[in-house]
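# okay, sequence plus prediction incoming.
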Amino acid sequence: MSDYTVRPITEAERRPVYDVLQRALHRNPVTDERWARITDFWAADGTTGAFAGELPVGVASSIPSTIVLPGGATLPMAAVDGVAVRSDWTRRGVLTAMMDTQLHEFAERGYPVAGLHASEAVIYGRFGYGVATRSATIRAKLPARLRDGATAPGTVHVLDGAEATATASAIHERIGLRRPGMIARPARWWEVSYSRKLDLEGYRLAVHTGPGDSGVPDGFAVFRTVPQRDHLDPNHGALLEAEDFVTADDAAVAGLWRFLLSVDLLATVNAPGRPVDEEVGVLLTDSRRARTVSVGDELWLRLVDVPAALAARTYGTADPVVLDVADRMLPDNTGRYRIGPDGVERTGAAADLALDVDTLAMLYLGEWRPATLALAGRITGADPGALSRADALFRTAQRPWCGTHFCADPRLSGLTPPAAPPAAARRTGRDSSARPAPRPGPDRRAPRAPRPGRTARPARPPRPAPPSAPPRGSPRPR
């Protein structure tokens, strides 16, 4: 018998349970001021806790959302925005028990799919989650200029504070979900993710309006500039970080990039979380000034109701394929499914391909080719033509992308340090952390012994300590 229980939390348990998440992310317990700021947006409903007696030792929380699928349909999605176990309670099955309970609750509530952003890539596959979308970090070195004709003559204006949050929310709502994998953003997301960025972290909102007389904004980017303080660079070029880049069309993408690259006194523009197929270099007169520096997993998806999820999306043109799906945690999903251009049905026919439910999630939005997953041993089958048919069926015209990072409390514990290395280290290719540490002492020099016949000078008083900087938080959790 376990020495803990897993159950929904009560209203009175919200704050101590929330602090379990804070501690797991190496943050201090939430202050009264910060709790007052988020208390209306961190609800007991949708939150599962693990308790040893009255002591909270684990948490798994979620918020309701929707996700757009290939073909344009949407499905309700449970967005898992916080999972944590106390450090002195790990390796005791707490996480597995919470995830099992949470998945069955999702099924009972009628969620066909669930999604999350993973802090570690090795955790969630065993619970049936698979990498359904990926994103890229794009870095541009200035000066960089867009090609003539690469963008329509739109305009950009900059907002901050509450006006920026309201404007971004309205634009996102009007633009809608343009790609498979994009999700709706509830009010809680806007309050938690935007208010602190814009109020305390120095972010601003660049709003793009297309050409013409309509005057309707068609895109925005949240950005901030970070001085690099590199005194070896006479221009003191700063880093611009562009986050949450949302657009209605390709013209708005180009227009916002034109603005970001035109900001004065910059050395670098860094844009994480972009679609993998967004090729900024082709927009520039010198294509080498922008490049994709990394590609990583983005949205992890879990098919909670496999028949409903498979039936909700559209498929390409090919002969049907029969998939044998295995789901250990939700065994009602286990079975064979005939998938074709006309839809999906359960079948007793022989399977062409066999796979686990986490691999099915990787196929679901079209991010991965079946042949790639078969090469990794994730898909097995005797019919060599079945992989080609599955590829044609699951392939999408546009690469999937989520574009919305959701977690229970992004950056609420302090300012986020710049992601880029110091400019001097970037130029030399060396890691500045590998340099020898300075010797201790206020002026880094050991005192010299007085020369014979001379009186030693009085010791120099210590220099006053610089003002303490505001605490910095951990890198954004996933």
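Yep, that arrived. Numbering: from 1, shown residues only.
# in the longest strand belonging to the chain, what counts as buried?
The longest strand of the chain (DSSP state E) is strand 55-68. Within strand 55-68, the residues scored as buried using 16 or more other C-beta atoms under 10 Å are P56, V57, G58, V59, A60, S61, S62, I63, S65, T66, I67, V68. From N, CA and C alone the C-beta is placed, and that goes for glycine too.
# using TSV, please lay out those residues together with distance to R126.
Output for the buried residues of strand 55-68, formatted as TSV (distance: C-beta to C-beta, whole Å):
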residue	distance to R126
P56	24
V57	20
G58	17
V59	19
A60	15
S61	20
S62	19
I63	23
S65	24
T66	26
I67	22
V68	27
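# and of the residues you listed, the nearest to R378?
Nearest to R378 among these, counting by C-beta to C-beta, is I67 at 22.2 Å.
# may I ask which helix or strand of this structure has the lowest mean pLDDT?
Counting by mean pLDDT, DSSP states H and E, the chain has its least confident helix or strand at helix 423-428, which shows a mean of 34.
# R289 versus the residue nearest the centre of the chain, what's the distance?
The centroid of the chain falls nearest to H405 when counting by C-alpha atoms, centre = their mean (3.7 Å). H405 sits 27 Å away from R289, going by C-beta to C-beta, to the nearest Å.
# okay, now the domains of this protein?
Listed by the TED database, the domain ranges of the chain are 5-134, 136-296, 317-355+371-394.
# in the stretch 101-250 of the chain, which segments are predicted with low confidence?
Filtered on pLDDT under 70, the stretch 101-250 of the chain yields the residue ranges 213, 229-236.
# that one: strands as residue ranges?
In the stretch 101-250 of the chain, the strands defined using DSSP state E, counting those that start in this stretch lie at 113-116, 130-131, 134-141, 155-159, 204-209, 217-226, 238-247.
# pairing partners for the fifth one, with directions?
Strands adjacent to strand 204-209 in the sheet, as given by DSSP bridges, are strand 155-159 (antiparallel), strand 217-226 (antiparallel).
# which residues in the stretch 101-250 of the chain form helices?
161-175, 187-200, 250-262 (DSSP state H, counting those that start in this stretch).
# most packed of those helices?
helix 250-262 (a mean of 22; mean count of other C-beta atoms under 10 Å).
# so what's G161 up against?
If a contact means C-beta atoms under 8 Å, 6 or more residues apart in numbering, then G161 has L198, D199 as its contacts.
# go again using 6 Å as the cut-off
L198 (C-beta atoms under 6 Å, 6 or more residues apart in numbering).
# what's the answer for D297, then?
D297 sits next to V131, R134 when contact means C-beta under 6 Å, 6+ apart.
# quick check: beta-bridge partners of it?
Beta-bridge partners, per DSSP bridges, of D297: R134.
# what about it, distance to I175?
25 Å.
# and if you look at T39?
For T39 relative to I175 (C-beta to C-beta), the value is 30 Å.
# ditto for R378
Plainly put, R378 is 34 Å away from I175 if you go by C-beta to C-beta.
# what of C402?
From C402 to I175 the distance is 15 Å (C-beta to C-beta).
# turn the domains of the chain into CSV, including distance to Y364.
Shown next, in CSV, are the domains of the chain (distance: least, C-beta to C-beta, whole Å):
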stretch, distance to Y364
domain 5-134, 6
domain 136-296, 9
domain 317-355+371-394, 8
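# can you tell me which of those is nearest to R302?
R302 lies closest, by C-beta to C-beta, to one member of the domains of the chain: domain 5-134, at 4.4 Å.
# mind listing what V158 touches?
With contact taken as C-beta under 6 Å, 6+ apart, V158 is in contact with R204, A206.
# do H405 as well
Counting by C-beta under 6 Å, 6+ apart, H405 makes contact with H117.
# angles on the backbone of it, please.
Note on H405: backbone dihedrals following degrees, to the nearest 10 are phi -90, psi 130.
# pLDDT value on it, please?
Each residue has a pLDDT score; the one for H405 is 91.
# tell me how far it lies from P186.
From H405 across to P186, the span is 14 Å (C-beta to C-beta).
# what's the answer for E241, then?
Taken as C-beta to C-beta, the span from E241 to P186 is 25 Å.
# more neighbours: the two, which one.
With neighbours defined as other C-beta atoms under 10 Å, E241 and P186 compare such that E241 has more, 20 against 16.
# looks like L323 contacts Y337 (just checking).
Yes. The criterion here is C-beta atoms under 6 Å, and L323 meets it with Y337 at 5.1 Å.
# which of these two has more residues huddled nearby?
Neighbours were counted for L323 and for Y337 using other C-beta under 10 Å; L323 has more, 26 against 21.
# which residues touch the more buried one?
Residues near L323 by C-beta under 6 Å, 6+ apart: Y337, L353.
# which element is it on?
Using DSSP states H and E, L323 maps to strand 321-326.
# note down every partner strand of the helix or strand following that strand and its orientation.
Once the chain leaves strand 321-326, the next helix or strand it forms, by DSSP H and E, is strand 335-340. Strand 335-340 sits in its sheet next to strand 321-326 (antiparallel), strand 343-346 (antiparallel), going by DSSP bridges.
# out of those, which one sits most buried?
The highest mean neighbour count among the strands paired with strand 335-340, using mean count of other C-beta under 10 Å, belongs to strand 321-326: a mean of 21.
# burial measure for F245, as a count.
If you count neighbours by other C-beta under 10 Å, F245 ends up with 24.
# the spatially closest residue to it that is not a sequence neighbour: neighbouring residues, count only.
Spatial nearest neighbour of F245, chain neighbours left out: A221 (4.5 Å); criterion: C-beta to C-beta, 6 or more residues apart in numbering. Using other C-beta under 10 Å, A221 has 25 other residues around it.
# brilliant, that's me finished.
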